[in-house]
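Student: Need coordinates for the following:
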Amino acid sequence: MKILLVGPDLGPPWTEGRKNFVRDLVPRLVVRAQVRLVTTARQDGEITEPCAGKQAAVPQKWRTPIALDQAVTHAIRAWRPDVVCHFPYGTFRGIRGLVNRWSMRRIDQRCAQRAVRCLTILYSLTNGSRARLKRHVRELVLAPRVGWNGLTMTIGTDVTKALQVVAVPNGEPTALFMAGVADAGRVAVRYLLQERGLQDLIDAAPHLAAAGIRLIVAIPALSDAGFCADVRRRFMTAAPSLALDLRAAVPVPAIFGEVGLYVFPYRVELEQFVPTSVLESMAAGVPVVLSDLEMLAALANHGRTAYLYRRCDGRHLAEVIVAAFGDVAGRSARALAARRLAVTEWSIDRSAEDLATLLGQTPAA
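Tutor: A predicted model of the protein is given here:
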C-alpha cells in the first residue's frame, strides 16, 4: 500500500503537537507500507516551498495552502498513492478557519478526481462543528468522544523516551508549567494568560511561595528580554518571595525528572485537544494537575490519574498543588495509574493500530 501523508508545516521547530504526532507516526507506518510526505515548511517566519511551483504572485497569507494543494496534486499524479492522510490545522476561527476549511475541501476534491481515498485527520479541533466539517470532506477522522459517530482514531504520542526519565533528587518541591509559544507579542501574552492558564498560576503564586514551592515556567518566548521581564514582573508583583525559574528552553521529556508536579491549567474548552506534554508527564511518572475541562476528563479519569482544580480559580489551584506535595502516597498512586493509562490508551502505537484499522476498512460512501 502507498500512503501519502499531507499537511502544512510538518517540520521543525517541533513545538506543535500535530507535527510531533505525524513525525511519530511515520516510523510505525513505514513497516507496513510505502510512505511519502508532502508539506510546506516555515523557518524563522519565512515560507519555503520545495515541492511547489511558481508562487511569486501569490499573496503571503495564501501561499502555504496553495503551495500544498499544488504539491499534493503533483504527488497524486506522479506517485499514484492508494490513500492520502491529510493532517490540517485544527483551528477554525476567523480567516484562518476559512483557509483551513478551503484546504481540507480542496485536497479531498483533488483525491476524489483521481479516485484516491482521502482521510482528513484532525489532531485538534477549535471553533469548528464536527457535523459541519464532515460536509467538507468524504472521511473525517477525530479522536473518540461522546456524540461523534464518525471515524475515530486515538491521538497518542511516543512515550518511549518519557518512560526512561529518571527523577533527579531535589531539595524543594518543584512544579512545572510549559507552553510552546514562541511569539512574544500582545496576542500571545493574552493567550498564555487567559487560555493557557498562566494567570491562574500567577494568582496561586502567593500561596505557593508561602508553602516553599518552587515553580519552573518554560516558554520559548521567554528568550525575548521584554517578554521575560513582563512575566517575571507579573509573578513578583503577586509573590515577591516565590522561587521562580523562567526558562526559554527545556529538554523534553528529561525536564520531568526535575519536578514533582506538572501543572496544565488550561482555561478554555475545546472540541478536541489531547495535550502531548500531559501524556509525556504521565508516562514519565510525574503527576499532573489539570483544570476541570470536559476535554481533559479522559486523562483525569475522575481524579484517579490526575489532580483536578476548578479552572480560573488560582486559589483552588494553589490548594491542590500544596496538598499534592503533602500527599506522598497519593502522588505515587496517581503517578502509577497515569503511567499505565498513557502507555496503554494514549501511545503512538495505539494510534498506528487505529490508522491501520481505518485503512483496512471499506471507504465511506
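
Student: Looks like Ile3 contacts Leu359 (just checking).
Tutor: Yes - at 7.5 Å, Ile3 counts as touching Leu359 under the criterion of Cβ atoms under 8 Å. Every residue, glycine included, has its C-beta placed from N, CA and C.

Student: higher neighbour count, those two?
Tutor: Using other Cβ atoms under 10 Å as the criterion, Ile3 and Leu359 rank with Ile3 on top: 22 against 18.

Student: Check the gap between that one and Arg23 for me.
Tutor: 15 Å (Cβ to Cβ, to the nearest Å).

Student: Please apply the same query to Asn127.
Tutor: 26 Å.

Student: Need the overlap of contacts for Ile3 and Leu359.
Tutor: Val83 (Cβ atoms under 8 Å, 6 or more residues apart in numbering).

Student: Neighbour count: Asn127 and Arg23, which is higher?
Tutor: Arg23 (16 against 13).

Student: got a list of what the more buried one touches?
Tutor: Contact analysis of Arg23 by Cβ under 8 Å, 6+ apart lists Leu10, Trp14.

Student: Likewise for Val189?
Tutor: Phe227, Asp230.

Student: Surely it forms part of a helix?
Tutor: Yes - when the secondary structure is assigned by DSSP: H, G, I helix; E, B strand; the rest coil, Val189 falls within a helix.

Student: For Arg18, which non-adjacent residue is closest in space?
Tutor: Distance criterion Cβ to Cβ, 6 or more residues apart in numbering; nearest residue to Arg18, sequence neighbours excluded, is Tyr123 at 4.1 Å.

Student: State whether Pro240 is indeed within a strand.
Tutor: No - assessed with three-state DSSP, Pro240 is coil; it does not lie in a strand.

Student: Roughly how far does it sit from Leu208?
Tutor: 13 Å.

Student: same question, Ala352
Tutor: Spatial separation of Ala352 from Leu208 under the definition Cβ to Cβ is 40 Å.

Student: Compare the two and say which one has the larger neighbour count.
Tutor: Neighbours per residue (other Cβ under 10 Å) separate Ala352 from Leu208, with Leu208 holding more: 28 against 21.

Student: I'd guessed the more buried one sits against Ala238; true?
Tutor: No - contact criterion Cβ under 8 Å: Leu208 and Ala238 do not qualify, at 9.8 Å.

Student: Okay, strands next: where are they in this structure?
Tutor: Counting by DSSP state E, one finds strands in the chain at the ranges 2-8, 34-43, 46-48, 83-86, 117-121, 140-142, 151-152, 174-178, 214-218, 243-247, 261-264, 288-291, 307-309.

Student: quick one: average confidence on stretch 224-242?
Tutor: Here stretch 224-242 scores 97 as its mean pLDDT.

Student: Pull up the distance across stretch 10-19, start to finish.
Tutor: As for stretch 10-19, its first-to-last residue distance stands at 5 Å under the measure Cα to Cα, to the nearest Å.

Student: tell me which residues in that stretch are buried?
Tutor: Within stretch 10-19, the residues that qualify as buried are Leu10, Gly11, Glu16, Gly17, Arg18, Lys19, counting by 16 or more other Cβ atoms under 10 Å.

Student: Ok, stretch 173-191 next?
Tutor: Of all the residues in stretch 173-191, those buried under the rule 16+ other Cβ under 10 Å are 173-181, 184, 188-189, 191.

Student: For stretch 327-341, what is the distance to the chain centroid?
Tutor: Stretch 327-341 sits 23 Å away from the centroid of its parent chain (Cα atoms, centre = their mean, to the nearest Å).

Student: Can you give the contact residues for it?
Tutor: When contacts are defined by Cβ under 8 Å, 6+ apart, stretch 327-341 is touched by residues 163, 260-261, 281-288, 299, 301, 304-307, 324-325.

Student: residue ranges with poor pLDDT in this protein?
Tutor: 41-63, 146, 169-171, 362-365 (pLDDT under 70).

Student: which residues in the stretch 1-150 of the chain form helices?
Tutor: Read by DSSP state H, counting those that start in this stretch, the stretch 1-150 of the chain holds these helices, from start to end of the chain: 17-29, 60-79, 94-113, 130-134.

Student: contacting residues around the shortest one?
Tutor: Outside helix 130-134, the residues within contact range by Cβ under 8 Å, 6+ apart are Phe92, Arg101, Met104, Leu122, Leu125, Leu140, Leu142, Gly147, Trp148, Gly150, Glu271.
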